[in-house]
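A.B. asks: coords please:
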Amino acid sequence: MESLRTIPLKKSYDSDEDDLLRDFYIPSLSVSIMYRRIAGFFSSTSFALAASGLAKFLHSQGRMQLILNVALREDDFKAMQEGMTHPEEIVGKMMLDSLQSFENELMENHVRMLSWMIANRQLEIKVAIVDESRDGIFHQKIGILEDDSGNKISFSGSDNESAGGWLLNIEEFKVFRSWKPDETTYLETDINRFDRFWNGLAQRTKVIELPEAVRKNLIMIAPKSARELHTLTEFLKKNRISYKKKKIMEPHQEEALKHWFDNGCKGILEMATGTGKTFTAINCIKKLYESEDRIITVIVCPYQHLVNQWEKELQECNMYSEKAFKSSRLWKDQLANKIIDINIGFDKKLIIITTYDTFSSRIFLDMIDKSKSPMMIVADEVHAAGSKKRVVGLRDAYKYRLGLSATPSRWLDDEGTKKIISYFHKVVFEFSLDDAIAANKLTPYEYHPSFVELDSDELQEYLDIGRQIAIQQSKTNKDNERIEMLLIKRRKIITNARNKIPKFKEILDNMKKVERCLIYCSPKQITIIQGILESKNIIYHRFTSKESNEERLRILKLFADGSYQALVAMRCLDEGVDVPSTKIAIILASSGNPKEYIQRRGRILRRYEGKSKAEIYDILVMPQLNPQQIQLTDTEKNIIKKELIRYKEFSNSSLNPIESVTFIIKIMDDYKLF
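C.D. replies: Next comes the predicted model:
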């Protein structure tokens with residue numbers, strides 16, 4: 001359950017370093033039901049800035065009490081008057097029954113929302129006037145927030161309740177929390193101070209009801225700040241947050257969480273790509289927070305852009321994190337201080353997101369080894385943790401261990417797989433692709449395989465390399481590096497088989513419409529594929545490691561809206577990049593690694609509006625389609641068997657499996673693979 005306690009609040013915030021709006025104001029407001037505020041200056045522009053948080057606050061019947069200065073903008077002043085004098089009419093005009101309605105009104109018509117909140121009795125305003133016998137202005141600044149569990153926080157410092165206070169100015173404030181014994185005295189002081197003003201008990205300041213201030217003409221009309229309004233407009237253009245219904249756990253995710261806790265908070269979740277592994281893991285962390293007062297959580301990912309994806313998903317759940325990757329000078333000192341804060345009890349919760357390379361580095365390990373708190377590791381794409389360089393990061397100090405992957409086993413690395421299973425204990429929950437399609441979490445698909453043969457030169461080279469591999473494997477002292485190099489070289493013959501190109505042309509010619517088509521190819525094939533697409537007037541874009549992150553986002557957007565009919569991609573789309581709008585996939589190149597092709601398929605099958613099914617065209621290679629002409633060694637037969645593994649894997653889960661069964665039986669019979 002979300003509350004003020006689940007937000008990783010800091011003891012102080014400084015706009016020179018922190019994003020006051022996103023780091024503090026919006027998440028705190030979104031889980032609160034009472035907001036009491038003393039602000040030197042007020043502007044309804046703050047409503048627009050915090051629309052997503054304030055929408056949830058109002059939808060939960062939250063109430064605000066504001067004590068303001070006597071200077072108001074004219075439009076805000078008129079809105080307040082309107083809310084007081086015509087409450088029934090205003091409430092009747094604005095029947096807001098959803099979070100989306102609230103958020104849209106707050107962002108686009110924040111002045112109008114001000115009058116509605118007053119009319120709906122969700123906003124009370126009083127005006128503070130400094131005693132006329134004394135010089136000075138009312139400049140107190142305190143905020144108090146309370147959630148429905150009775151948790152409270154207060155903040156006091158220099159910020160005002162306006163766009164300028166939250167967005168423009170250089171501000172700072174301290175935060176005090178009711179569940180921190182050493183902070184309760186300061187919190188109670190802020191609460192008592194607010195109550196003293198609100199109840200008219202302050203000595204130097206008179207606080208009166210808003211209607212009386214209006215009647216006595218005590219409110220001054222402040223000039224509009226052109227700079228503030230311009231900045232607010234630009235901010236909303238760039239940062240408009242589209243409404244998202246609050247995510248709740250699906251039954252399979254609830255079951256995964258239960259199995260992990262039942263296994264002592266250790267284990268691997270083997271869940272198909274696109275079934276919510278990240279969201280499940282975040283809920284495991286949140287539930288663990290309920291039993292651990294002090295804990296450090298380390299989330300480790302194979303790629304840098306996945307670090308940013310995790311950060312975003314955590315923020316959507318009102319959880320915040322520290323990132324540690326790239327140069328250590330960017331994070332080392334700050335992270336070391338955070339860990340010290342946890343050790344001495346100055347803070348209680350810390351989430352660190354990093355990459356496997358940083359995670360297993362000496363600098364990072366030295367810091368983790370100095371932790372005196374319970375620790376949790378969340379290993380995304382857990383198979384990546386099993387390499388010789390990375391297993392050093394799997395410290396015994398991690399009391400709680402959660403591994404995530406659609407394919408936890410390491411390809412051709414039984415030793416690395418055993419280390420992963422041993423460290424995380426076991427796979428505690430499985431949710432396969434078939435399960436996901438049946439549960440309507442992934443899109444069903446049709447599978448259209450094609451087989452091509454090697455030409456004579458390729459076949460000869462393929463067989464020659466096979467003999468070299470056999471010689472190497474027969475030696476007493478095997479040269480494993482040499483064998484691996486030969487295996488890769490032979491695999492490239494399959495990957496780049498020349499006969500794949502005419503088959504690709506044939507597939508395109510037989511398509512009724514080329515639309516949102518994703519083409520996987522090798523570096524050697526990409527230029528040829530681009531030439532074919534151009535010759536057929538198909539609008540496409542390449543998607544490779546050479547494009548910047550910004551360019552990638554632009555390309556994916558144009559692909560989703562149909563501006564690009566096709567994307568020509570290499571391995572970069574295996575690295576956690578989602579292309580849910582894909583309707584058609586053509587696979588020219590695949591390494592044979594189950595991790596690669598299973599994850600590729602999962603990304604293609606993600607659900608998307610208007611997408612009822614996907615189509616996968618898979619071009620597979622046999623050494624020769626007439627096996628009677630050659631005598632295959634056991635090694636060659638194993639290669640064919642590996643191609644058939646993918647073929648059967650894709651076929652069995654498809655909408656049209658019967659089409660493939662007969663052909664599989666024929667191949668196995670022809671090549672004597674039974």
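
A.B. asks: The helix or strand of the chain with the lowest mean pLDDT: what's the following helix or strand?
C.D. replies: Every helix and strand of the chain was ranked by mean pLDDT, DSSP states H and E. The lowest is helix 163, at a mean of 55. Scanning forward in sequence from helix 163 by DSSP states H and E, the next helix or strand is strand 172-177.

A.B. asks: Just after that next one, pick out the following helix or strand.
C.D. replies: Taking DSSP H and E, what comes next after strand 172-177 is helix 184-198.

A.B. asks: Give the rounded mean pLDDT of that following helix.
C.D. replies: Model confidence over helix 184-198, given as mean pLDDT, is 91.

A.B. asks: and the next helix or strand after it, C-alpha only, in CSV?
C.D. replies: As assigned by DSSP H and E, the chain's next helix or strand after helix 184-198 is strand 205-209. Extracted as CSV, the C-alpha positions of strand 205-209 are listed here (Å, rounded to 0.1, in the frame of the first residue of the first chain):
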residue,chain,number,x,y,z
THR,A,205,0.0,38.3,12.6
LYS,A,206,-3.8,38.4,12.2
VAL,A,207,-5.3,35.6,10.2
ILE,A,208,-8.8,36.1,8.9
GLU,A,209,-11.2,34.2,6.7
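
A.B. asks: So which other helices or strands are in contact with strand 205-209?
C.D. replies: Applying 3 or more Cβ pairs under 8 Å, 6 or more residues apart in numbering; DSSP states H and E, one finds that strand 205-209 contacts strand 123-130, helix 184-198. C-beta here means a position set from N, CA and C on the backbone, and glycine is covered the same way.

A.B. asks: how about the ones you listed in a markdown table, adding mean neighbour count and distance to Phe429?
C.D. replies: Shown next, in a markdown table, are those (neighbours: other Cβ atoms under 10 Å; distance: least, Cβ to Cβ, whole Å):
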| stretch | mean neighbour count | distance to Phe429 |
| --- | --- | --- |
| strand 123-130 | 20 | 47 |
| helix 184-198 | 16 | 41 |
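
A.B. asks: how about CSV for these, with distance to Thr273 added?
C.D. replies: Formatted as CSV, the helices and strands packed on strand 205-209 follow (distance: least, Cβ to Cβ, whole Å):
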stretch, distance to Thr273
strand 123-130, 46
helix 184-198, 45
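
A.B. asks: Relative to Lys349, which of the ones you listed is closest?
C.D. replies: Closest approach to Lys349 among the helices and strands packed on strand 205-209 is made by helix 184-198 (18.7 Å; Cβ to Cβ).

A.B. asks: What is that closest one packed up against?
C.D. replies: Applying 3+ Cβ pairs under 8 Å, 6+ apart, one finds that helix 184-198 contacts strand 34-38, strand 63-68, strand 123-130, strand 142-146, strand 152-157, strand 172-177, strand 205-209.

A.B. asks: So what pairs up with Arg36 in the strands?
C.D. replies: Bridge pairing for Arg36 (DSSP bridges) gives the partners Gln65, Ile144.

A.B. asks: ok, now which ones touch it?
C.D. replies: Contact analysis of Arg36 by Cβ atoms under 8 Å, 6 or more residues apart in numbering lists Met64, Gln65, Gly143, Ile144, Leu145, Phe194, Trp198.

A.B. asks: Could you measure from it over to Asn151?
C.D. replies: Between Arg36 and Asn151 the computed distance is 14 Å (Cβ to Cβ, to the nearest Å).

A.B. asks: same deal with Glu172?
C.D. replies: In this structure, Glu172 and Asn151 are 23 Å apart, going by Cβ to Cβ.

A.B. asks: if you count what's nearby, which of the two comes out ahead?
C.D. replies: Set Glu172 next to Asn151 and count neighbours by other Cβ atoms under 10 Å: Asn151 wins out with 18 against 15.

A.B. asks: Do you know the pLDDT at that one?
C.D. replies: We have a pLDDT of 94 for Asn151.

A.B. asks: Of the contacts of Arg36, just say which sits nearest to Thr273.
C.D. replies: Leu145 (38.9 Å).

A.B. asks: What residues does the nearest residue to Lys152 once chain neighbours are set aside make contact with?
C.D. replies: Once flanking residues are discounted, Lys152 sits nearest to Ser178: 4.2 Å by Cβ to Cβ, 6 or more residues apart in numbering. Going by Cβ under 8 Å, 6+ apart, Ser178 touches Gly150, Asn151, Lys152, Ile153, Thr184, Leu187.

A.B. asks: Now the second one: closest residue in space, sequence neighbours ignored.
C.D. replies: Spatially, and ignoring its direct neighbours in sequence, Asn151 is nearest to Leu4 (4.3 Å; Cβ to Cβ, 6+ apart).

A.B. asks: Now do the phi/psi pair for the residue nearest to Lys152.
C.D. replies: Dihedral pair for Ser178: phi -70, psi -20, per degrees, to the nearest 10.

A.B. asks: how long is stretch 342-352 from one end to the other?
C.D. replies: Stretch 342-352 has an end-to-end distance of 13 Å (criterion: Cα to Cα, to the nearest Å).

A.B. asks: tell me which residues in that stretch are buried?
C.D. replies: By 16 or more other Cβ atoms under 10 Å, the buried positions in stretch 342-352 come out as Ile342, Asp347, Lys348, Lys349, Leu350, Ile351, Ile352.

A.B. asks: Now the two most distant members of those residues.
C.D. replies: Pairwise over the buried residues of stretch 342-352, using Cβ to Cβ, the maximum falls at Lys348 and Ile352, 14.6 Å.
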